[in-house]
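Participant: Okay, predicted coordinates and the sequence, questions at the end:
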Amino acid sequence: MLSPLRASVASLVRSYSSCAKQLAVCIVGSGPAGFYTAHQLLKLYGEDVKIDILDRLPTPFGLVRTGVAPDHEDTKNVTNQFTRIAQDPRVNFFGNVNVGRDITLDEIRKLYNAVVLAYGAESDRKLNIPGENSHGVHAAREFVWWYNGHPDQRDLPVDLSRVESVAVCGIGNVALDCARILLRPVSELASTDIARHALKQLQHSKVRQVQLCARRGPVQAACTAKELKELVSMPSIAVHAQPSQLAVSEADQAQMKATRLKRRIYELISNAAVAEKPGASRDLFFQFYRNPAEIIADADNQVQAIRVEKTQLVADPVRGTVAVGTGEYEEYPVQLVLKSIGYKSLPLPGVPFDDRQGVVPNAAGRVLTGVGAAADSTVPGLYVCGWLKRGPTGIIGTNLTDAEETVASMAQDYAMISQAPTAAAGGAGLQQLLQSRSVAVVDYAAWEQLNAHEVNQGQQQGSVRVKCAAWDELLRAAGMALPHVQAM
Ligand code: NAP
């Protein structure tokens, strides 16, 4: 049975064939949301669409390259599908193009029938507590980008040879990724595509324990069972949780009865906390009902400890089960703090942005003219997909359903967007504009050259790939003729 959304897209495909006119669509962002949007558009319009996918990085695939943990190689297989899409003659990749710096959104909108914003979430929620800006306090996103070779975090000031204890705030899957990478035996990472600078640091790491601080209890943990099981069942990691923090209330019991996943997560943690692991050399402490209250730093502003407030849960009619402070505090000595409390999208000049939710306001993927009461209509030809549309939640596959919805909205708007008076030049116009500004565009062939270089380096060093992790290194490997590269 087709879902209602798929059925409606299928019927649009049938009705569309009678009014064919080639559409030029630009997608800003080449992560899963961008590629799934392209996939849906190709399915819907066949030969009658041309798609240009822009990315500010020289590399495609967004979060699959810079977010998915290096030891989750299977998850990255989705790039095979994205590669087939990128190699389709109807699709062009424009890497190393920064919308807002190299070209404005207004300029792009003039070249295309429709523009889909799918540039994800490149910032972070803040804790807003004293000491948050101390040295050694980082957003989990920055740490993830660092170990995944994102060029913007190549030089993240991390020195794991001076760190024994780490606090990770939050208990979503990103927090588990960070804890696992820090605690996993480094020999198990060497053959992955982890950034070489991160691998070197991990080889000299003194990290022996991670305090995973969750403001609510085990039943409210945001992570998923598969990822949790992977972490707590690692033989090298001893898992600890205080029995008092594993006590369950009647409300918890009701939640576990209603949702199998919650019960499973609770069982995984409580079983792991009593499991004997004679070979364990590292410790993972679950700290439930502990809300970060202050980061304590030394005279050099280097983090020394995290202070957490004990919490209790109360039922809020609007917000559900919320943690409220009890006025009692605890401190854990730590030399590194990773804030894994959620990503946040960044606004793009000229596009309405809901700063509280961190999303572009939209109706089924159509960008609205404002936020809340200020939204009286939609912006013609402007769409949104992925984390920028719905917030930073969901797995890679969630973006497929999300893209289906956005493309269904585009299909319903076909009559309007196909008549866009100024649209015509599409990719040729874009190319011309970028050339006139001397933007070093990394097209798909250049990315293939960079990709081959990385894989080749990996073969020589016994790993999946050796990522280029600095901007100049990336551009050089992509064959870009940069003035300072030529001079070398
Ligand atoms: P997440 O799942 O939303 O988890 C955020 C965590 O931060 C929650 O534990 C939340 O606690 C806590 N938090 C939020 N605000 C806080 C505050 N002010 N103070 C203290 N704690 C706070 O986010 P994520 O881990 O960044 O993951 C993002 C998405 O990517 C998720 O959908 C995740 O499943 C997905 N992902 C999947 C994988 C995978 O499948 N392997 C890997 C990585 C990421 P409360 O619940 O109390 O708000």
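Facilitator: Noted; the coordinates are in hand.

Participant: near the ligand, which residues of this structure show up?
Facilitator: For the chain, the contact set with the ligand under Cβ under 6 Å from any ligand atom comprises 125, 127, 169-175, 177, 214-216, 220, 222, 224, 227, 291, 340-343, 392-395. C-betas here are computed from N, CA, C, even on glycine.

Participant: Swap in 5 Å and give it another go.
Facilitator: Counting by Cβ under 5 Å from any ligand atom, the residues of the chain close to the ligand are 170-174, 215-216, 222, 227, 341-342, 393-395.

Participant: can you tell me which of these are in helices?
Facilitator: 173-174, 227 (DSSP state H).

Participant: quick check, nearest of the residues you listed to residue 67?
Facilitator: Ranked by distance to residue 67 (Cβ to Cβ), those are led by residue 174 at 8.2 Å.

Participant: Just list the residues touching residue 306, thanks.
Facilitator: 167, 169, 211, 213, 292, 294-296, 331-332, 334, 337 (Cβ atoms under 8 Å, 6 or more residues apart in numbering).

Participant: Just the buried ones from those?
Facilitator: By neighbour count, with 16 or more other Cβ atoms under 10 Å, the contacts of residue 306 hold 167, 169, 211, 213, 292, 294-295, 332, 334, 337 as buried.

Participant: Looking at the residues you listed, which are in strands?
Facilitator: 167, 169, 211, 213, 292, 294-295, 332, 337 (DSSP state E).

Participant: number of nearby residues for residue 258?
Facilitator: 9 (other Cβ atoms under 10 Å).

Participant: got it, and residue 34?
Facilitator: 31.

Participant: ok, now residue 442?
Facilitator: Considering only other Cβ under 10 Å, residue 442 is surrounded by 26 other residues.

Participant: Look up phi and psi at residue 347.
Facilitator: The phi and psi torsions at residue 347 (degrees, to the nearest 10) take the values phi -70, psi 160.

Participant: quick one, what contacts it?
Facilitator: Residues near residue 347 by Cβ under 8 Å, 6+ apart: 353, 355.

Participant: count of neighbours near the residue of the stretch 251-400 of the chain found nearest the ligand?
Facilitator: Nearest to the ligand in the stretch 251-400 of the chain, going by Cβ to the nearest ligand atom, is residue 341, at a distance of 3.7 Å. By other Cβ under 10 Å, the residues close to residue 341 number 21.

Participant: Enumerate every residue touching the spatially closest residue to it that is not a sequence neighbour.
Facilitator: The shortest distance from residue 341 to any non-neighbouring residue, by Cβ to Cβ, 6 or more residues apart in numbering, is to residue 170 (4.4 Å). By Cβ under 8 Å, 6+ apart, the contact set of residue 170 is 140, 213-214, 222, 339-342.

Participant: Residue 150 too?
Facilitator: Contacts here follow Cβ under 8 Å, 6+ apart; on that basis residue 150 touches 57, 66, 469.

Participant: Which residue is the nearest non-sequential neighbour of the second one?
Facilitator: Right, the one you point to is residue 66. residue 150 (4.3 Å).

Participant: tell me what the longest helix belonging to the chain is packed against?
Facilitator: Of all the segments of type helix in the chain, defined by DSSP H, the longest one is helix 444-461. If you count contacts as 3 or more Cβ pairs under 8 Å, 6 or more residues apart in numbering; DSSP states H and E, helix 444-461 packs onto strand 91-94, helix 471-477.

Participant: just to revisit the earlier point, the residue of the stretch 251-400 of the chain closest to the ligand contacts residue 128, doesn't it?
Facilitator: No - using Cβ atoms under 8 Å, residue 341 is not in contact with residue 128; the gap is 10.5 Å.

Participant: What values do phi and psi take at residue 297?
Facilitator: Main-chain dihedrals, residue 297, degrees, to the nearest 10: phi -120, psi 160.

Participant: Skip the chain neighbours and tell me the closest residue to it.
Facilitator: Nearest one to residue 297, counting by Cβ to Cβ, 6+ apart, is residue 134 at 3.9 Å.

Participant: rewinding a little: tell me who's in contact with the residue of the stretch 251-400 of the chain closest to the ligand.
Facilitator: Taking Cβ under 8 Å, 6+ apart, one finds 124-125, 127, 140, 169-170 in contact with residue 341.

Participant: Rebuild those as a markdown table, extending it with pLDDT.
Facilitator: Converted to a markdown table, the contacts of residue 341 look like this (pLDDT from 0 to 100):
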| residue | pLDDT |
| --- | --- |
| 124 | 97 |
| 125 | 97 |
| 127 | 98 |
| 140 | 98 |
| 169 | 98 |
| 170 | 98 |
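
Participant: got CSV for those, with distance to residue 37 too?
Facilitator: Below are those laid out as CSV (distance: Cβ to Cβ, whole Å):
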residue, distance to residue 37
124, 25
125, 26
127, 33
140, 27
169, 33
170, 29
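
Participant: how far away is the nearest residue to residue 449 once chain neighbours are set aside from the ligand?
Facilitator: Computed as Cβ to Cβ, 6+ apart, the closest residue to residue 449 that is not its neighbour in sequence is residue 479, at 5.2 Å. Distance, residue 479 to the ligand, using Cβ to the nearest ligand atom, to the nearest Å: 33 Å.

Participant: dump the residue contacts of residue 479.
Facilitator: For residue 479, the contact set (Cβ under 8 Å, 6+ apart) comprises 446, 449-450.

Participant: do residue 249 as well
Facilitator: residue 313.

Participant: For it, give me phi and psi.
Facilitator: With angles defined as degrees, to the nearest 10, residue 249 sits at phi -80, psi 170.

Participant: That one and residue 266: what is the separation?
Facilitator: 12 Å (Cβ to Cβ, to the nearest Å).

Participant: Check residue 251 too.
Facilitator: Residue 251 sits 13 Å away from residue 266, going by Cβ to Cβ.

Participant: Neighbour count for those two, which is higher?
Facilitator: Higher neighbour count among residue 251 and residue 266: residue 266, with 20 against 14, using other Cβ under 10 Å.

Participant: So the more buried one sits against residue 256, correct?
Facilitator: Yes - taking contacts as Cβ under 8 Å, residue 266 lies within contact range of residue 256: 6.0 Å.

Participant: what do the two both touch?
Facilitator: 219, 248.

Participant: Run through the residues that contact whatever residue of the chain ends up closest to the ligand.
Facilitator: Residue of the chain nearest the ligand, by Cβ to the nearest ligand atom: residue 172 (2.2 Å). Applying Cβ under 8 Å, 6+ apart, we find residue 172 in contact with 222-223, 340, 342.
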